[in-house]
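Chemist: just need the structure, nothing else, for what follows:
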Amino acid sequence: MREISPASGDSSGFDVPDVPGCAGPPFVLTMPDPSQMPVLICAPHGGRAYTPALLAALREGDRAALRLEDRLIDIIATRVAQETRAGLMVARAPRAVLDLNRAPDDVDWGMIPEAERAEALAATLQAGGTVRAQSYPSQRVRAGLGLVPRRVPGLGELWRRPLAGNVLARRIAGLHVPYHACVSEQLAVLRARWGTALLIDLHSMPPLPCAPGDTPVTCVLGDRFGSSCGTALMAKAFGALDESGWLVAHNRPYAGGYVLDRHAAPRDGIHAFQLEIDRAAYLDSRLVDLGPGADGVVERLVTMVRRLAGDVAAMGSMLLDMRPSDWAEAAE
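Modeler: Residues are numbered from 1 along each chain as shown. The predicted structure is shown next:
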């Protein structure tokens with residue numbers, strides 16, 4: 001088992017500087033060597049490594065941080081990866097620092113003083129963004145949830161002061177660029193070994209509203225309306241979660257974001273979907289700490305991952321001219 005931390009200088013060749021607002025390494029990759037299945041689980045909104053300065057800059061401090069996090073989904077993802085031996089990519093940098101499920105140019109430029117925008121713009125362009133996005137902000141930016149979140153419902157403005165342009169530039173270079181480069185590299189490694197690879201982008205969501213007497217939605221599977229993942233794999237994921245007793249929604253209200261846009265390439269053998277899980281399913285009644293449902297959530301996800309891994313490996317074996325039995329032997 002390899003654990004790769006960019007702060008240690010051995011993150012697949014990436015030399016990552018300190019990221020403003022993040023205490024320690026901004027993300028950690030854990031990958032069995034050799035890989036045991038063609039699956040990579042990512043938790044881009046699970047980061048909780050706040051610096052005191054970052055918390056002090058938030059108007060509501062811990063309360064705002066809690067609203068932004070996919071609370072403790074990093075723990076769920078880690079337990080699932082440990083039980084299945086899937087690859088795991090966990091962000092340690094909080095979403096308040098930078099949202100890894102946003103494009104590098106999903107910037108609310110009104111947060112940055114005009115005189116300081118040049119350095120931030122250069123960083124977005126170097127990361128693959130466009131100048132056009134500065135004049136035509138995305139829907140996410142207009143809602144206050146861009147690359148650096150600006151506001152959330154019920155709390156209003158998040159920050160006590162403007163965002164320095166050089167700080168955003170350092171966050172893009174030190175977190176966004178190496179995180180997504182590492183994801184791309186690991187998916188390529190999995191595809192080379194197995195013929196096909198699957199990325200599961202794991203998130204959590206607030207409980208969705210439902211009418212009295214109706215069954216609440218427990219999770220939402222997003223595949224960018226059919227463009228990021230093969231139909232058969234999505235059907236398998238639906239089946240595994242539905243059999244567990246969960247009510248599963250498809251693409252509404254979460255179809256996936258930049259992670260799927262950036263990494264999914266089904267025609268090239270890289271499939272990806274986003275999975276949003278109701279926080280009430282695994283947290284306590286305050287939605288703060290792990291609750292009695294956490295073990296059941298892990299068990300359901302382990303079952304889903306194992307079933308999908310078998311299908312993904314079988315798909316890849318056709319491309320690599322492997323015997324189907326090789327999957328069973330490799331998974332031992």
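Chemist: where do the strands sit along this protein?
Modeler: Using DSSP state E, the strands of the chain run over 2-4, 27-31, 39-43, 87-91, 151-152, 156-157, 197-205, 219-222, 248-250, 270-278.
Chemist: let's have these in a markdown table, adding mean pLDDT.
Modeler: Below are the strands of the chain laid out as a markdown table (pLDDT from 0 to 100):
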| stretch | mean pLDDT |
| --- | --- |
| strand 2-4 | 69 |
| strand 27-31 | 97 |
| strand 39-43 | 98 |
| strand 87-91 | 98 |
| strand 151-152 | 94 |
| strand 156-157 | 94 |
| strand 197-205 | 98 |
| strand 219-222 | 98 |
| strand 248-250 | 97 |
| strand 270-278 | 98 |
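Chemist: buried set for stretch 126-133?
Modeler: Across stretch 126-133, burial judged by 16 or more other Cβ atoms under 10 Å covers 127, 129, 133. Just so you know, the C-beta spots here come from the backbone N, C-alpha and C atoms, and that holds for glycine as well.
Chemist: which ones are touching the residue lying closest to residue 99 once chain neighbours are set aside?
Modeler: In space, and not counting its chain neighbours, residue 99 is closest to residue 147: 5.7 Å by Cβ to Cβ, 6 or more residues apart in numbering. Under the criterion of Cβ atoms under 8 Å, 6 or more residues apart in numbering, the contact list for residue 147 reads 98-99, 102-108, 141, 168, 172, 176.
Chemist: most neighbours out of these, which is it?
Modeler: Sorting the contacts of residue 147 by how many neighbours each has (other Cβ atoms under 10 Å) puts residue 98 first, at 29 neighbours.
Chemist: thought that one was touching residue 175?
Modeler: Yes. Under the criterion of Cβ atoms under 8 Å, residue 98 makes contact with residue 175 at 5.3 Å.
Chemist: find the residues that touch each one of those two.
Modeler: Residues touching both residue 98 and residue 175 by Cβ under 8 Å, 6+ apart: residue 19.
Chemist: ok so, going back, got JSON lines for the contacts of residue 147, with pLDDT too?
Modeler: Below are these laid out as JSON lines (pLDDT from 0 to 100):
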{"residue": "98", "pLDDT": "98"}
{"residue": "99", "pLDDT": "98"}
{"residue": "102", "pLDDT": "98"}
{"residue": "103", "pLDDT": "97"}
{"residue": "104", "pLDDT": "97"}
{"residue": "105", "pLDDT": "95"}
{"residue": "106", "pLDDT": "96"}
{"residue": "107", "pLDDT": "97"}
{"residue": "108", "pLDDT": "96"}
{"residue": "141", "pLDDT": "95"}
{"residue": "168", "pLDDT": "98"}
{"residue": "172", "pLDDT": "98"}
{"residue": "176", "pLDDT": "98"}
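Chemist: what's the closest of these to residue 189?
Modeler: Proximity of the contacts of residue 147 to residue 189 (Cβ to Cβ) peaks at residue 176, which lies at 20.8 Å.
Chemist: quick one: residue 80 and residue 86 touch, right?
Modeler: Yes. At 7.1 Å, residue 80 counts as touching residue 86 under the criterion of Cβ under 8 Å.
Chemist: what touches both of those two?
Modeler: Joint contacts of residue 80 and residue 86 (Cβ under 8 Å, 6+ apart) are 41, 305.
Chemist: if we can go back for a sec, tell me the one of the buried residues of stretch 126-133 nearest residue 272?
Modeler: When the buried residues of stretch 126-133 are compared for distance to residue 272 (Cβ to Cβ), residue 127 wins out at 19.6 Å.
Chemist: what are the buried residues along stretch 232-251?
Modeler: Across stretch 232-251, burial judged by 16+ other Cβ under 10 Å covers 233, 234, 236, 237, 238, 240, 241, 244, 246, 248, 249, 251.
Chemist: may I have the distance across it, first residue to last?
Modeler: End-to-end distance for stretch 232-251, by Cα to Cα, to the nearest Å: 16 Å.
Chemist: ok now it, how far from the chain's centre?
Modeler: Averaged C-alpha coordinates place stretch 232-251 at 19 Å from its chain's average position (Cα atoms, centre = their mean, to the nearest Å).
Chemist: what sits up against it?
Modeler: Residues outside stretch 232-251 that contact it (Cβ under 8 Å, 6+ apart) are 198, 208, 215-225, 271, 273, 275, 281, 300, 303-304, 307-308, 311-312.
Chemist: might one say that residue 152 is in contact with residue 145?
Modeler: Yes. Under the criterion of Cβ under 8 Å, residue 152 makes contact with residue 145 at 7.3 Å.
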